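[1] Here is my input; please provide its structure:
(one chain, ligands or ions: 1)
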Amino acid sequence: MIKEIKGQVTAGKGNYAVVVSRFNEFVTAKLLAGAIDCLKRHGASDEQITVVWVPGACEITIAAKKLAQSGRYIAVICLGAVIRGQTPHYDYVCQQVARGISQINYDCAVPATFGVLTCETLEQAVERAGTKMGNAGADAALTAMETVNVIEQI
Ligand code: INI
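    Residues are numbered from 1 along each chain as shown. Below you'll find the model as predicted:
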């Protein structure tokens with residue numbers, strides 16, 4: 001018989017850390033609200049949620065890694081908004097944050113989910129922060145809960 005493992009999307013009993021960057025806070029505050037709302041709708045209490053603000057997307061990794069290594073959290077939800085400007089700076093910021101977060105998933109025993117928007121325009125970012133394309137913060141929270149649940153069963 002085939003054994004199949006599927007994750008439930010419930011918060012469970014552990015603690016969740018949310019790292020959110022202040023750069024483009026107009027957008028990231030909406031991602032944070034979406035993530036918190038999603039965790040709470042799936043059973044998390046305020047006491048299970050810790051929010052850590054960092055200056056920009058490049059600083060998400062260092063905070064997320066420390067949280068992941070602390071042993072106090074079952075998942076780290078990473079939120080940010082990188083929006084293209086006039087220079088290649090955007091590409092370096094995107095690369096750094098994507099690589100950093102994926103490294104945490106390789107190195108640490110807890111999942112770090114990628115709720116970092118990488119957009120060409122502010123309009124695209126707003127669309128993904130609680131308007132017509134959903135809320136990437138809520139998606140990252142859902143993914144965190146499901147991944148925690150899958151890992152617990154393996
Ligand atoms: N940080 C962001 O979170 N989003 C951006 O769009 C962004 N841009 O485009 O510059 C950005 N830059 C700051 C960066 O994350 C660092 O905070 C900074 O380079 C200092 O390390």
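
[2] Confirm that residue 115 sits in a helix.
    No. Assigned with DSSP: H, G, I helix; E, B strand; the rest coil, residue 115 falls outside any helix and is strand.

[3] That one reaches residue 142, doesn't it?
    No. When contacts are counted by C-beta atoms under 8 Å, residue 115 is not listed as touching residue 142 (10.0 Å). (C-beta placed from N, C-alpha, C; glycine too.)

[4] Comparing these two, which residue is more hemmed in?
    Between residue 115 and residue 142, counted using other C-beta atoms under 10 Å, the more crowded position is residue 115 (32 against 20).

[5] before we move on, what SS does the residue lying closest to the more buried one once chain neighbours are set aside have?
    For residue 115, the nearest residue in space outside its immediate sequence neighbours is residue 140; the separation is 2.9 Å by C-beta to C-beta, 6 or more residues apart in numbering. In three-state terms, and counting by three-state DSSP, residue 140 is helix.

[6] May I have the strands that pair with the host helix or strand of residue 19, each with its orientation?
    Following DSSP states H and E, the helix or strand that holds residue 19 is strand 16-21. Strands that pair with strand 16-21, judged by DSSP bridges, come out as strand 49-54 (parallel), strand 75-83 (parallel).

[7] Does the last one reach the ligand?
    To tie it back to what came earlier, the one meant is strand 75-83. Yes. Judged by C-beta under 6 Å from any ligand atom, strand 75-83 and the ligand are in contact via 80, 81, 82, 83.

[8] Just the pLDDT at the first one, thanks.
    In this case it means residue 80. According to the model's per-residue confidence, residue 80 sits at a pLDDT of 98.

[9] got it, and residue 120?
    Residue 120 carries a pLDDT value of 96.

[10] That one: how many residues sit nearby?
    Residue 120 has 10 neighbouring residues, counting by other C-beta under 10 Å.

[11] Identify the residue nearest the residue of the chain found nearest the ligand in space, chain neighbours excluded?
    Across the chain, no residue is closer to the ligand than residue 56, which sits at 2.2 Å (C-beta to the nearest ligand atom). If the residues on either side of it in the chain are set aside, residue 56 comes closest to residue 23, at 4.0 Å by C-beta to C-beta, 6+ apart.
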